[in-house]
Every structure is written in structure tokens, then in C-alpha cells.
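1. this is the structure alone, sequence omitted:
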């Protein structure tokens, strides 16, 4: 188990006055953390004041930048060897924070995987299940909860991927996929999230599409053939089948079949080149870490 004195807790918060004080106090009672950092992302209420009164180090954004931007500010400010990211809405009990810290050291990223029954609506449960299944297929690794924001990781590894993290609500998706595709040790710890205080700022229709785009973006950065190969294979099989049927019936190969075959070959070649570029990009530079700065 990682010593809590080596762990910086980062709590992104916007308009969480009703819960932030209780969250900070409960965490500080649970263990002697190195520091508890609350990033007030342009709140219009007393979030920063309540957090400071509870004993947190407070960073204030002068205007709302997004959950991801708040997480990045917290990571930059953190001084611990590990960073534990906790939601400000009171969903996560302090004992679960200790459970997530326990595997750190053996694992580079530990994600709190929520039980599906604790997710707010049936639509969100279905959407998250679809994203989890698609992410698992693209990475070749079972991912039980792609979008959970409750996670702990090595600070040095998180900093490697800061340039990839979006300012919105897709930071959990990006970090999970980045750590897996970069070959770091990742594990998922089952948790039971409580009912949040207040209302969620995530909108399924709007943010679901963003999560999907982030998933494809990260997979393309780290392993392009996971995207290009299925598209290429589908085009090649479709072109071959279309051509064979028409050849048998009309004794001719239609132009559409030829175009599909050429498209399949071109997509595969582009994917192959992209795969080589990705491999070169993440080679270990002299005196540096994979994907990091030398």
C-alpha cells in the first residue's frame, strides 16, 4: 500500500458548496495525506471558502475552464509521488479512497469501478456499458468503468499525458486509455458510489459523443491499426463479395467492387504507416521516459 503521506488528493469542484466541506473533512480524518487540493473551477458560490475552512489547499480558476482543466491544475500543483483524484459531490466514501491507494506502487493507475446500479439513470448505464464494451474491444483489455473520475496514479506518469487531457469531462476516459495503450500497469477496484449531493453537470447526449470521439482519438494515437484494420477488412470483404456475386451473375466485375477493394487497400496502408509513426513517437528518448520529455 502506498503511504498516504506520499499521496496528494486532487478535487476538481465547481459550485459544490453544499458538499465540498464535508468531503474534505472526511478525507482528512481518514488518513494523513500529503495534501488535499481543491481546484475551484470558477464557482459562483462559496465552494472555495468552504474548502479552505475544511483545511484544503485551494486553487482558484478566475472563470470556468472545465473539469479536465481543473484536474490538470491540481496535478501541476501536487507534490506527492501519487495523485488521487476524488469527485467533490460526496459520492465516494473515505474508506474507498484508502482502497484505491492500497494497490498504488504495484499498479501505476488504479480506477474505482462503479457498480452499474449506482449510475444515475438507465440511459447513462446503457451508454456507459456501450463505451466500456467498445473501449475493451479497441484496447484488448477488459474495462469495467471507462468514465469513473475516482482514480489514483503515479504523478510522473499523469504528467506524461497532460498534453492529451481535454479541458472537459473526458479526462477519465483519456487517462485510462493512455495508461493502457502505453503499457503501464492498470487495475480496477470495485466501488459502490453514493448518491451525489446536488445535480450532475454531465449531459449524456452532449458529453456521450465527446467520450466516443476521445476513445477513437486515443486509440488512433496509440494503436491506429485497431481502428484502420477493421475498416480495411470490411471494405475488402465487401468489395470481394460484391465483385464475386456480379461476376457469377453478369460475368462482369462492377466498378463499385473495384473501388471498395482499392479503398480497403488504401485504408490498410494508411493504418500501417500510422502504426509505425505511433511506435516511433513512443520510443524511449535518451534519458527520458516513454512518451515523456527528455
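-> Okay, I see it. Computed from a prediction, not measured in an experiment: that's the story for all the values here. Residues are numbered from 1 along each chain as shown.
2. in the stretch 51-200 of the chain, which spans are strands?
-> Counting by DSSP state E, counting those that start in this stretch, the stretch 51-200 of the chain has these strands, from start to end: 57-61, 82-85, 109-114, 151-154, 186-191.
3. among those strands, which comes closest to residue 67?
-> Of all the strands of the stretch 51-200 of the chain, strand 82-85 sits nearest to residue 67, with 10.0 Å by C-beta to C-beta. C-beta here means a position set from N, CA and C on the backbone, and glycine is covered the same way.
4. chain neighbours aside, what residue packs nearest to residue 28?
-> Excluding the flanking residues, the one nearest residue 28 by C-beta to C-beta, 6 or more residues apart in numbering is residue 55, at 5.5 Å.
5. ok so, going back, hey, which of the strands of the stretch 51-200 of the chain is tucked in deepest?
-> Ranked by mean neighbour count, the strands of the stretch 51-200 of the chain are led by strand 82-85 with a mean of 27 (mean count of other C-beta atoms under 10 Å).
6. centre of the chain to that one, how far?
-> Offset of strand 82-85 from its chain centre (C-alpha atoms, centre = their mean, to the nearest Å): 14 Å.
7. need the residues that contact it.
-> The contact list for strand 82-85 (C-beta atoms under 8 Å, 6 or more residues apart in numbering) reads 2, 6-12, 33, 71, 74-75, 97, 100-101, 104, 149-155, 158.
8. pLDDT (mean, whole number) over it?
-> For strand 82-85, mean pLDDT is 97.
9. any idea of the pLDDT on the residue most central in space within the chain?
-> Closest to where the C-alpha atoms of the chain average out (C-alpha atoms, centre = their mean) is residue 173, at 2.0 Å. Looking at residue 173, its pLDDT is 85.
10. repeat for residue 112
-> 93.
11. once you drop chain neighbours, what's closest to it?
-> Spatially, and ignoring its direct neighbours in sequence, residue 112 is nearest to residue 150 (3.7 Å; C-beta to C-beta, 6+ apart).
12. residue 94 - how many residues pack around it?
-> 16 (other C-beta atoms under 10 Å).
13. quick check: pLDDT value at it.
-> Looking at residue 94, its pLDDT reads 85.
14. equivalent analysis for residue 117, please.
-> 60.
15. quick one: the helices in the chain?
-> Taking DSSP state H, the helices of the chain run over residues 20-30, 47-53, 67-77, 94-101, 122-139, 155-160, 171-181, 204-222, 225-250, 255-281.
16. where in the stretch 1-150 of the chain is pLDDT low?
-> Low-confidence segments of the stretch 1-150 of the chain (pLDDT under 70): 1, 116-125.
17. of all the helices of the chain, which one comes closest to residue 113?
-> Closest approach to residue 113 among the helices of the chain (C-beta to C-beta): helix 122-139, 9.4 Å.
18. show me the contacts for the closest residue to residue 25 other than its chain neighbours.
-> Spatial nearest neighbour of residue 25, excluding adjacent residues (C-beta to C-beta, 6+ apart): residue 54 at 4.9 Å. Residues in contact with residue 54 (C-beta under 8 Å, 6+ apart) are 20, 21, 22, 24, 25, 28.
19. any chance of a ChimeraX selection covering the buried ones in these?
-> The buried residues among these can be selected in ChimeraX (16 or more other C-beta atoms under 10 Å) with this line:
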select :20,21,24,25,28
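20. is it possible to get TSV of the contacts of residue 54 that adds distance to residue 274?
-> Formatted as TSV, the contacts of residue 54 follow (distance: C-beta to C-beta, whole Å):
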residue	distance to residue 274
20	43
21	48
22	48
24	45
25	49
28	47
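21. residue 269: which of the contacts of residue 54 is nearest?
-> residue 20 (52.4 Å).
22. ok, back up a step: ok, the residue nearest to residue 112 to residue 237 distance?
-> Taking C-beta to C-beta, to the nearest Å as the measure, residue 150 falls 42 Å from residue 237.
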